[in-house]
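K.L.:
need a structure here:
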Amino acid sequence: MLITTQITIFFGIYSYTHNRGIDTVLHYCSIALFVGLFSVMEIWHQRFLRQDPIKFNEPLNTISEEEFKMEVQKDKQKLVILDDLVLDVTRFADSHPGGRFVIERNVGKDISKYFHGGYSLELGSANHTHSNYARMIVSSLIVARFAAKRDSCTMSIKPKGLQLLDSPGLELNDGPHE
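P.N.:
The predicted structure follows:
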């Protein structure tokens, strides 16, 4: 689209000056300016994509799991969870490159696995990791930190010399075998 526009401008300037007998190189200057600006912007874009991932903004509010579920049920805001952040994607749904369906399908859910490239909603498609541009958009959508009760795990240590149930003959010892 940009190239087509620039070609139209080039020939517009050329035909205007040629039909009026004006001797100028303005049409060549417009092409040179376009190529120069396009090159600078492309270099900036590539550097931005290659830099370390942008950190998300820190929200001031927190929201509990119960409050989150109540807000989702009210259906006034379309809320999703990304890592431990609550995002309001109500206005972003129409702008999402994957379409409104992708957003509406995941309202009230944790979208971390999709955002970080672990899963895809489309069968047979490659997983998609989001760019720094997407991280900037996410930072603008953050409304609160999700304060959910996390699952905990405990670890127990078995006494010396106890045989493992699934591995006969294998013993847990700290010292040398006797």
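
K.L.:
Are there helices or strands packed against the helix ranked longest in the chain, and which ones?
P.N.:
Residue-count comparison of every helix in the chain, with assignments taken from DSSP state H, identifies helix 26-50 as the longest. With contacts defined as 3 or more Cβ pairs under 8 Å, 6 or more residues apart in numbering; DSSP states H and E, the secondary structure elements packing on helix 26-50 are helix 2-19, helix 132-141. C-beta coordinates here come from the backbone N, C-alpha and C atoms, glycine included.

K.L.:
which stretches of this protein have low pLDDT?
P.N.:
With pLDDT under 70 as the threshold, the chain has low-confidence stretches at 118-128, 149-178.

K.L.:
Mind telling me which residue is nearest the centre of it?
P.N.:
In the chain, the C-alpha nearest the mean C-alpha coordinate belongs to His130, at 3.5 Å (Cα atoms, centre = their mean).

K.L.:
and the closest residue to that residue other than its chain neighbours, how many neighbours?
P.N.:
Leaving out its chain neighbours, the residue that sits closest to His130 by Cβ to Cβ, 6 or more residues apart in numbering is Phe115, at 5.6 Å. Neighbourhood size, Phe115 [other Cβ atoms under 10 Å]: 19.

K.L.:
wouldn't Phe115 be in contact with Leu85 here?
P.N.:
No. Counting by Cβ atoms under 8 Å, Phe115 stays clear of Leu85, with 10.4 Å between them.

K.L.:
Quickly list what's touching both of these two.
P.N.:
Common contacts of Phe115 and Leu85, defined by Cβ atoms under 8 Å, 6 or more residues apart in numbering, comprise Val138.

K.L.:
Give me the contact list for stretch 19-29.
P.N.:
Outside of stretch 19-29, the residues that reach it under the criterion Cβ under 8 Å, 6+ apart are 10-11, 13-14, 16-17.
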